[in-house]
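no sequence on hand, only this structure:
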């Protein structure tokens, strides 16, 4: 898929021969994000789709109490300190960003009067600046007006290293912010920035200057408003107990007319996912529960005649197997899997191809994940399969055998293939998780049939996903031949996601294994494409670059995608418009939620 | 005090050696650059050597500063004060329930040993203390919440209601966690009460009391039960740490926002200052309950005096 073909496709959407949703799905299949797809359509002149709500009340309130359940409890209510989605979601009840992403990836104005674009001239042609016009009638919950100063303050607050904000990554490309008038800001970037919506959009909410300016830097944790937020959102703060419950009440001066519908909201945290699902589906005590990682069979049983249902939303989260390109069994300068080594046999393309054919994604989906894991080859898809939305992957022990035979890997007396004195023996590691152990078994069986000996290893999740530089069992150390875990793509733009295959991101002892290229794969062509995408302003050309990066990685079998992991929420059958967006917080459209009798 | 000091050293070391740090989630999130996490670690002093960190924690503890939670960025004492009342209320009512069940049933069983009532009570008691609280908790949820749909199984510390409704809602949601803990306690206590009463009731002074014509009720309450309670009080006091253990599990199952669930979530999040503080509070509660037991002895048995 090159730029020309992409243009052709956007043309077809414009002409009406291809549906918008289908186009977005296809782009997701290519490893792009829905927001990027939406941007491509906008460039092609396809009008942005308005999000439709099934209920349009004529007055505020009247909906009673909305009860939501998060099995991880929020621990703080300052979005700039959020350590996970739980904190971002809790903050989102009270705070808002300039723009939110709907499920199709469209940027929807929240505190902004309109969404900037190249077409309306608010995004500079060279990508060095973006101008945001703010909504005029917005007031903070304490009655003070929301202005351009608040926007600028958030950037200054985050960038002060002493504040210790977790959101720095989204703001560090900003060089300065100019105030054009009290409700217009111009964000100037250090270099051309195609993804200009990183700051102030999605989960990047805006906090009030007048209440936080005295608590910038070292004093940031003393701010009383860290626990008692004063925002612009649909609900005002009532009560917060860290690690337990957040409560809010209707904001009578909310800037969207006739919203919200609910008079009060409660977000209860703690417990486990299974009982959270029960509380919504079986007892109906709660209206909504977040991120239900429960085996599909259990969910289906609950859903029979229940009061709620599982809502499954596409995401960019991919369970995949990474192949080590370095040698995990030789120690060089105090580290294994060092860049100075090469893997004894995984550097052979034939072995990589064979492994790709030996992962039975169909069985993994059918027998292990059900609706909560969809078989895919799409982490990185091959171009010829582009137009087909059916994910094409192949499982064939025979072909794998043929490839290995052809490459000169001969079976020994013990049935294990050998070449030049090297045996095809693999250590396959992952975290302890019943689903993953079952998947390991499926892969191991197929490999044994193809003459590859696989040793399974599983590590406690708290160790495996930890960032402890002293522990050799973390996924970033990658002291194994192949390993399996899920990477999450929560950001609306793939640039940061794709840096996991660039040569400067290789995790090693030198950077305490903090960088993202875990497979240690290096490819000059990939690096060039990534750099070009970083500053390419034409969304179609940029998309083509990402597609190319995907192709490179799939051709070289750097990783073997196994299943997509969609988001799973459970929702009361009575709740309307509680649509989750895979690119934003669960509460991105909280003001529009409603319940029928 | 030396015990508390030793506990704190061991705990601190174990926590420091355990894998992970409070900013784990940031590490696996590609949106957050690694520098951010390293900054946070440096700012909160997590990169310092273990003895330095312990000394810092210890000196501020001496000054009455419990430190602050890395995860919530709130002072630890605020967190604990928010949650302690709930734990105390739930544990207190569970204990009360246990006593209210155990004392009369134990006494009655002892008065008619090997009767049908006694056999039944014994059987139930054995079942009661054989089943761990996490199991009975789940069983109760399945039965009373899911099949019968009578009781809510998610505990909400602040209910948006006033007056009678507030009490009613609190009562409804407390029934299951209190019953689970209380029945578990009651089972063991019933057996103990029965044995204690059986011991006392054969003694001569009971016969004397009866012989001098005291009504049976007075004999029982003033002479038998009061004396039989002395060993039971010891048992209750010694079992306090057990109840706290059970309460941690029960709080997690019913989402009761007490210090037990705070402990679990802080351990999972590697939030060292909170874990240290909660364990400290637990040790204090255990010491205090032992003290209360000692004082109760004096009241129950005037022969014991504290001078």
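Cool, got the structure. These numbers come from a predicted model, not from an experiment.

stretch A:72-81 near chain B at all?
Yes - using Cβ under 8 Å from any Cβ of the partner chain, stretch A:72-81 reaches chain B at A:73, A:75-76, A:78, A:81. For glycine as for every other residue, the C-beta is placed from the backbone atoms N, C-alpha and C.

ends of that stretch, what's the gap?
One end of stretch A:72-81 to the other measures 16 Å (Cα to Cα, to the nearest Å).

starting at the chain centroid, how far to it?
Mean-position distance between stretch A:72-81 and its chain equals 18 Å (Cα atoms, centre = their mean, to the nearest Å).

state the mean pLDDT of it.
Mean pLDDT, stretch A:72-81: 89.

then stretch A:216-225?
The average pLDDT for stretch A:216-225 rounds to 86.

can I get the residues of stretch A:72-81 next to chain B in CSV including neighbour count and secondary structure?
Output for those, formatted as CSV (neighbours: other Cβ atoms under 10 Å in any protein chain shown; DSSP: H, G, I helix; E, B strand; the rest coil):
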residue, neighbour count, secondary structure
A:73, 25, coil
A:75, 29, coil
A:76, 25, coil
A:78, 26, coil
A:81, 22, helix
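
so which of those residues is the closest to residue B:183?
Minimum distance to residue B:183 across the residues of stretch A:72-81 next to chain B is 27.8 Å, recorded for residue A:73 (Cβ to Cβ).

if we can go back for a sec, can you redo the residues of stretch A:72-81 next to chain B as JSON lines with distance to residue A:466?
Below are the residues of stretch A:72-81 next to chain B laid out as JSON lines (distance: Cβ to Cβ, whole Å):
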{"residue": "A:73", "distance to residue A:466": "21"}
{"residue": "A:75", "distance to residue A:466": "19"}
{"residue": "A:76", "distance to residue A:466": "21"}
{"residue": "A:78", "distance to residue A:466": "25"}
{"residue": "A:81", "distance to residue A:466": "21"}
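
list just the nearest of those to chain B.
Set against chain B, the nearest of those by Cβ to the nearest Cβ is residue A:75 (4.2 Å).

which parts of the stretch 251-400 of chain A are strands?
Taking DSSP state E, counting those that start in this stretch as the criterion, the stretch 251-400 of chain A contains strands spanning A:264-269, A:288-289, A:308-313, A:318-323, A:374-375.

mind checking the longest helix of chain B?
helix B:164-201 (DSSP state H).

interface residues of the stretch 401-550 of chain A facing chain B?
Counting by Cβ under 8 Å from any Cβ, the stretch 401-550 of chain A sits next to chain B at A:460, A:462-463, A:465-468, A:471, A:487-491, A:496-497, A:499-500, A:511, A:514-516.

of the residues you listed, buried ones?
Among these, those classed as buried by 16 or more other Cβ atoms under 10 Å in any protein chain shown are A:462-463, A:465-468, A:471, A:487-491, A:496-497, A:499-500, A:514-516.

show me these that map onto strands.
The strands, defined by DSSP state E, take in residue A:487 from these.

picking that back up, who are the packing partners of the longest helix of chain B?
helix B:76-111, helix B:116-130, helix B:133-140, helix B:226-254 (3 or more Cβ pairs under 8 Å, 6 or more residues apart in numbering or on different chains; DSSP states H and E).

touching chain A at all, the first one?
Meaning helix B:76-111. Yes - against chain A, helix B:76-111 shows contacts by Cβ under 8 Å from any Cβ at B:79, B:82-83.

can you redo the helices and strands packed on helix B:164-201 as JSON lines with mean neighbour count, mean pLDDT and distance to residue A:422?
JSON lines is the format used below for these (neighbours: other Cβ atoms under 10 Å in any protein chain shown; pLDDT from 0 to 100; distance: least, Cβ to Cβ, whole Å):
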{"stretch": "helix B:76-111", "mean neighbour count": "19", "mean pLDDT": "89", "distance to residue A:422": "55"}
{"stretch": "helix B:116-130", "mean neighbour count": "15", "mean pLDDT": "91", "distance to residue A:422": "57"}
{"stretch": "helix B:133-140", "mean neighbour count": "18", "mean pLDDT": "88", "distance to residue A:422": "50"}
{"stretch": "helix B:226-254", "mean neighbour count": "20", "mean pLDDT": "82", "distance to residue A:422": "50"}
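
which one, of those helices, ends up nearest to residue A:103?
helix B:226-254 (33.4 Å).

grab the nearest non-local neighbour of residue 7.
Went with chain A since none was named. residue A:540 (5.7 Å; Cβ to Cβ, 6 or more residues apart in numbering or on different chains).

not quite, I wanted chain B
Of all residues beyond its chain neighbours, the one nearest residue B:7 is residue B:283 (6.3 Å), with distances taken as Cβ to Cβ, 6+ apart.

buried set for the one helix or strand that neighbour maps to?
Residue B:283 belongs to helix B:272-300 when assigned by DSSP states H and E. Using 16+ other Cβ under 10 Å as the test for burial, helix B:272-300 gives B:272-283, B:285-286, B:289, B:293, B:296-297, B:300.

which helices and strands sit right next to it?
helix B:2-17, helix B:50-62, helix B:76-111, helix B:226-254, helix B:259-268.

what's the angle between the third one and helix B:164-201?
Direction vectors for helix B:76-111 and helix B:164-201, defined by axes from the mean of the first three to the mean of the last three Cα atoms, to 10 degrees, enclose an angle of 50 degrees.

list the helices and strands helix B:76-111 packs on?
helix B:116-130, helix B:164-201, helix B:226-254, helix B:259-268, helix B:272-300.

how does it look with 10 Å?
Applying 3 or more Cβ pairs under 10 Å, 6 or more residues apart in numbering or on different chains; DSSP states H and E, one finds that helix B:76-111 contacts strand A:235-241, helix B:116-130, helix B:164-201, helix B:226-254, helix B:259-268, helix B:272-300.

would you turn the residues of helix B:76-111 next to chain A into TSV with distance to residue A:180?
Output for the residues of helix B:76-111 next to chain A, formatted as TSV (distance: Cβ to Cβ, whole Å):
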residue	distance to residue A:180
B:79	44
B:82	45
B:83	48
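
residue nearest the middle of chain B, spatially speaking?
Nearest to the geometric centre of chain B sits residue B:244, at 2.8 Å (Cα atoms, centre = their mean).

report the contact partners of the residue nearest to that one when sequence neighbours are not counted.
Spatial nearest neighbour of residue B:244, excluding adjacent residues (Cβ to Cβ, 6+ apart): residue B:282 at 5.6 Å. The contact partners of residue B:282, taken as Cβ atoms under 10 Å, 6 or more residues apart in numbering or on different chains, are B:7, B:87, B:240-241, B:244-245, B:247-248, B:259-260, B:263.
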